[in-house]
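Trainee: Sequence first, then the predicted structure, then my questions.
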There are 2 protein chains.
Amino acid sequence: MKENLIQFIQQVLPMSTSRAELVVAKFKPVKIEKNGYFLKADSVCNASHFMEKGIARSYTYDLEGNQVTTAFYPANTYASDLLSFFKRTPAKEYIQAITDCETWSITYEDMQASFHAIPEFREFGRLNIVNQYSLLKERMLSNLQETADQRYSDLIHSHPEILQHVPLKYIASYLGIADTSLSRIRKEAVKK
Amino acid sequence: MKENLIQFIQQVLPMSTSRAELVVAKFKPVKIEKNGYFLKADSVCNASHFMEKGIARSYTYDLEGNQVTTAFYPANTYASDLLSFFKRTPAKEYIQAITDCETWSITYEDMQASFHAIPEFREFGRLNIVNQYSLLKERMLSNLQETADQRYSDLIHSHPEILQHVPLKYIASYLGIADTSLSRIRKEAVKK
DNA sequence: TTCATTTCCTGTCCTATGTCAAGTGGAATT
DNA sequence: AATTCCACTTGACATAGGACAGGAAATGAA
């Protein structure tokens, strides 16, 4: 049942399958319907989710009150507000299901307990955060250095499933451009 | 001697000063002269540094071979290539002293040993990474949503010491703009 | 079905920023 | 002192992307 999660963990930190089964023991299956919320802003993120099926996104609001999509979470990625989860502070973001989703989820308490009991778990936890940090850094660099059409092209090549299910306006704000601009970029891209 | 480091740690994770002294025990003083390197690309980051004095920056090269400054590390911040340090992989970045620097530094081996021995240390380590992640996220959002002159203004207000010591071209590439554009932004800013 | 809403595309015009080339002043080198 | 760099500025022009308004197409509700 938890093969994907186990594989994900072994990819972050190689370990025997028997150890990995210990690590995943406290993850429980959760289903969230399309448009439902994993997390709402101003509440403390109490669970951390591995995406088994479906696509979610995180978003927040800018100063003018517009929604800004900050990340997409397709299957086999890890969805959580790290700051809120680990520091027990109110989240600044919403995490919402774009399609029906199934996850393996673990609460803060269970994770802390497992961190204490299972050295591999805490090492996995640390490396998982470091990986997220690294992905974010690459994304920031690509925002600084690449043009919007390069970033769009990168996104749909690395995660084509996003294009299938996600409204373009979400993708536009994720890329940091107006939805009209994305529309034009797509028009140009078709020509090539 | 290590007051600043101890204060930094207690700010990340409140704990008694006696516990904090355990945590900082393995940090050693290091001096790096202006233009010297904390870390070079392609080597594994073997030490993690708390900036006691001075300013450093990290940089990498873009596809056209231009240097891109990715971060500044003024006093009382934590300078390290997290991915290289924790995953033991070759760094993609250089970390260079912009002025003469003094740091408190710890090796990977000492940190791993202390992680095992001191629960507060590993909790501090995790929260420290989470904080870095959160700062990076805020920076990415400001890159997406704010104009270059807003970002410049944010930077010099939050870290005025950077402007004193750092060549403008480094600041420009950090902000993701051409140095000529930064020059014009500064001209406009003077008027206001 | 019909009506309302949302999503997406397109045209026009505008602004922020990039590119390239030239020039100034200061610091370092000889 | 003369020379060479380097950091920084400035001007002219080009371009990516934003703002706003209008309209087509898809979606959802009644």
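Mentor: Thanks, I have it.
Trainee: how about residue A:168, what does it touch?
Mentor: For residue A:168, the contact set (C-beta atoms under 8 Å, 6 or more residues apart in numbering or on different chains) comprises A:179, A:182-183, A:186. Just so you know, the C-beta spots here come from the backbone N, C-alpha and C atoms, and that holds for glycine as well.
Trainee: Would you write a ChimeraX line that selects the buried entries of these?
Mentor: Only the buried members of the contacts of residue A:168 end up in this ChimeraX selection, burial being decided by 16 or more other C-beta atoms under 10 Å in any protein chain shown:
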select /A:182
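Trainee: of all the contacts of residue A:168, which comes closest to DNA strand C?
Mentor: Proximity of these to DNA strand C (C-beta to the nearest atom of the strand) peaks at residue A:183, which lies at 3.4 Å.
Trainee: ok now do that closest one, which residues does it touch?
Mentor: By C-beta under 8 Å, 6+ apart, the contact set of residue A:183 is residue A:168.
Trainee: That one looks like it's in a strand, true?
Mentor: No - counting by DSSP: H, G, I helix; E, B strand; the rest coil, one finds residue A:183 to be helix, located in no strand.
Trainee: can you map out the helices along chain A?
Mentor: Assigned by DSSP state H, the helices in chain A fall at A:3-12, A:17-24, A:82-87, A:108-117, A:119-145, A:148-158, A:160-165, A:168-175, A:179-191.
Trainee: what about the closest residue to residue A:104 other than its chain neighbours, neighbour count?
Mentor: Counting by C-beta to C-beta, 6 or more residues apart in numbering or on different chains, residue A:27 is the residue found nearest to residue A:104 once chain neighbours are left out, at 4.0 Å. Applying other C-beta atoms under 10 Å in any protein chain shown, we find 24 residues neighbouring residue A:27.
Trainee: Residue A:27 touches residue A:5, doesn't it?
Mentor: Yes - using C-beta atoms under 8 Å, residue A:27 is in contact with residue A:5, at 6.2 Å.
Trainee: Now the common contact residues for these two.
Mentor: With C-beta under 8 Å, 6+ apart, residue A:27 and residue A:5 have common neighbours A:50, A:104.
Trainee: Name the residues of chain A found near chain B, please.
Mentor: Among all residues of chain A, those adjacent to chain B (criterion: C-beta under 8 Å from any C-beta of the partner chain) are A:60, A:62-63, A:68, A:70, A:82-83, A:86-87, A:116, A:119, A:122, A:125-127, A:129-134, A:136-137, A:139-141, A:143-145, A:176.
Trainee: ok, of those, which come out buried?
Mentor: For the residues of chain A next to chain B, a burial check counting by 16+ other C-beta under 10 Å picks out A:60, A:68, A:70, A:82-83, A:86-87, A:122, A:125-127, A:129-134, A:136-137, A:139-141, A:143-145, A:176.
Trainee: Now narrow the residues you listed to whatever sits close to DNA strand D.
Mentor: Under the cut-off given by C-beta under 7 Å from any atom of the strand, DNA strand D has residue A:176 from those close to it.
Trainee: what's the distance between residue A:142 and residue B:155?
Mentor: Residue A:142 sits at a distance of 21 Å from residue B:155 (criterion: C-beta to C-beta, to the nearest Å).
Trainee: Oh, that last question was meant for residue A:185, not what I typed.
Mentor: Distance from residue A:185 to residue B:155, by C-beta to C-beta: 29 Å.
Trainee: cool, and residue A:35?
Mentor: Where residue B:155 is concerned, residue A:35 sits at a distance of 38 Å (C-beta to C-beta).
Trainee: Between these two, which has more neighbouring residues?
Mentor: A count of neighbours by other C-beta under 10 Å puts residue B:155 above the other of residue A:35 and residue B:155, at 19 against 10.
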